[in-house]
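Undergrad: return a 3D structure for these sequence lines:
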Amino acid sequence: MTPKTLTGDDSIKTWVEHPVGGPIIRDLLAQSGQDPDVLKPVQRLAIKRLIKLSKGRFSQQMVDDLVARAAAGDVPSGSDVPATTGSAAGESDVADAAAASAAEVERPEWVERLDQGRFTGKTVIVTGAGSGIGRATASRIAREGGRVVAVDVSQERLDEFAGEHSGAEIVTIVADITDDAKVAEIVAAAGDRIDGLANIAGIMDDMTPIGELTDAVWKRVFSVNVDGTMKLMRAVVPTMLAQGAGSIVNTASEAALRGSAAGVAYTASKHAVVGLTKSTAFMYGPSGLRVNAVAPGPTITNIEASFASPLGAERVRLAMTILPDAAEAEALAASITFLLSDDGVNINGVVLASDGGWSAA
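TA: Now for the predicted structure:
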């Protein structure tokens, strides 16, 4: 049978498994010393989404060239392409039916749908707003009418973010969230009203088990993931109490739910974030504050894991064999903004696993 015509809207999985597109993709990857496994975490995404995810390394022109090559049957020499003609009509019908029954049904790609005005009149502080989940969350709040106090350690990333949202009310603050003076500056920039805080800034450890853990890694991870989260929570609570309302969403992790997702420092730090979340929810729930956490699973962000320990690499990679496909940051922003908004009105003290079902495995 004749293979389907490929476009930029087809998933990476469709391209890799296509009799013409597959050899083209594998040849391109081989030129850079890679194989198709590198694309597995994003295989459900349309191939054109690589333009954004690659941060300029994969262009629209490259997508157009791939589509043109596939349409022309321009397969690299040495690749085998199944014949597309030659069988009798009856045999072809049977083959088509068998192929259709055996093929995996391709799931539709998730599309972000904005709730216009959901954050109108609200001020929300978002840390880590320069990239990844923080940037996606800040973007969604801004596009849904909110005033965003965008916090990051990089002025360049913040300027880029603000430039993408002309007309939105965005205040950018370059700050280290472990610095008390900077935390005070963030709160001052928010002004008299703070409706929400999205504590998203965080760092990964080096996957070391406790027998190989250094004090430096422990202190650095806890300083950002726990101390920084605590300092901002502590700083916004007085304003929220004075208002009689406020929503805080902390970023936990799969490592807050299991012991097999990271090294001991990161795992312990995210368990601590859950403790901060639940205690604060219990203490201030009657005063109108809601405090929840989101536990992301595999997500496409700029936080990269490094393996300083052979044992850590062996054990964590074993656990990763059951990972679901990685989600885009916008999918996590959907979960976070739900909890931040009035849509989460009856939810307090919850750790929402936004992980594609990883925690159910």
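Undergrad: is it true that S223 touches T178?
TA: Yes. Between S223 and T178 a contact is recorded at 5.0 Å, counting by Cβ atoms under 8 Å. All C-beta atoms are positioned from the backbone trio N, CA, C, and that covers glycine.
Undergrad: neighbour count for those two, which is higher?
TA: T178 (19 against 15; other Cβ atoms under 10 Å).
Undergrad: residues in contact with that one?
TA: Neighbouring residues of T178 by Cβ atoms under 8 Å, 6 or more residues apart in numbering: S223, V224, D227, G228, K231.
Undergrad: same thing with D152?
TA: T127, G128, A129, G130, S131, G134, L158, F161, T172, V174, A175, A201.
Undergrad: so what's S253 closest to, chain neighbours aside?
TA: Distances taken as Cβ to Cβ, 6 or more residues apart in numbering place K270 nearest to S253, at 4.3 Å, with adjacent residues excluded.
Undergrad: can you get me a residue count around that neighbour?
TA: Residue neighbour count, defined by other Cβ under 10 Å, stands at 28 for K270.
Undergrad: that one should be in a helix, yeah?
TA: Yes. Under the criterion used here (DSSP: H, G, I helix; E, B strand; the rest coil), K270 sits inside a helix.
Undergrad: tell me how far G285 lies from V345.
TA: 12 Å (Cβ to Cβ, to the nearest Å).
Undergrad: okay, these two: which has more neighbours?
TA: Neighbours per residue (other Cβ under 10 Å) separate G285 from V345, with G285 holding more: 13 against 9.
Undergrad: run a quick neighbour tally on the closest residue in space to the more buried one that isn't next to it in sequence.
TA: The shortest distance from G285 to any residue other than its chain neighbours is 5.0 Å, reached at N348 (Cβ to Cβ, 6+ apart). If you count neighbours by other Cβ under 10 Å, N348 ends up with 19.
Undergrad: D35 now?
TA: By other Cβ under 10 Å, the residues close to D35 number 10.
Undergrad: check whether it really touches D27, as I assumed.
TA: No. The criterion here is Cβ under 8 Å, and D35 misses it with D27 at 11.1 Å.
Undergrad: so A136 touches P296, yeah?
TA: No. A136 is beyond contact range of P296, at 11.3 Å (criterion: Cβ under 8 Å).
Undergrad: need the helices for the stretch 51-200 of the chain, in chain order.
TA: 60-72, 89-102, 132-143, 155-163, 180-190 (DSSP state H, counting those that start in this stretch).
Undergrad: need the ones you listed in CSV (columns: mean pLDDT and mean neighbour count).
TA: Shown next, in CSV, are these (pLDDT from 0 to 100; neighbours: other Cβ atoms under 10 Å):
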stretch, mean pLDDT, mean neighbour count
helix 60-72, 86, 15
helix 89-102, 38, 10
helix 132-143, 96, 27
helix 155-163, 96, 16
helix 180-190, 98, 16
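Undergrad: any idea which of the ones you listed gets closest to A281?
TA: Closest approach to A281 among these (Cβ to Cβ): helix 132-143, 19.7 Å.
Undergrad: quick check, nearest of the contacts of D152 to K13?
TA: The shortest gap between K13 and any of the contacts of D152 belongs to S131, at 26.1 Å (Cβ to Cβ).
Undergrad: tally of neighbours for that closest one?
TA: Look at S131: counted by other Cβ under 10 Å, it has 21 neighbours.
Undergrad: and the gap between the residue nearest to E330 when sequence neighbours are not counted and E112?
TA: Leaving aside its chain neighbours, E330 sits nearest to A136 (4.7 Å; criterion: Cβ to Cβ, 6+ apart). Separation of A136 from E112 (Cβ to Cβ): 9 Å.
Undergrad: what do those two both touch?
TA: Contacts common to A136 and E112, judged by Cβ under 8 Å, 6+ apart, are E330.
Undergrad: give me the common contacts of A136 and P296.
TA: Common neighbours of A136 and P296, counting by Cβ under 8 Å, 6+ apart, are L332.
Undergrad: which residues of the stretch 151-300 of the chain score low on pLDDT?
TA: 298-300 (pLDDT under 70).
Undergrad: would you map the strands across it?
TA: 170-174, 196-199, 246-251, 289-296, 299-300 (DSSP state E, counting those that start in this stretch).
Undergrad: just the ones you listed: most buried one?
TA: strand 196-199 (a mean of 30; mean count of other Cβ atoms under 10 Å).
Undergrad: picking that back up, can you classify the residue nearest to G285 by secondary structure?
TA: Taking three-state DSSP as the rule, one finds N348 in the coil state.
Undergrad: right, and it touches S287 too?
TA: No. Look at N348 against S287 with Cβ under 8 Å: they stay out of range, at 11.1 Å.
Undergrad: per-domain residue ranges of the chain.
TA: For the chain, automatic domain parsing gives the domain ranges 12-102, 123-360.
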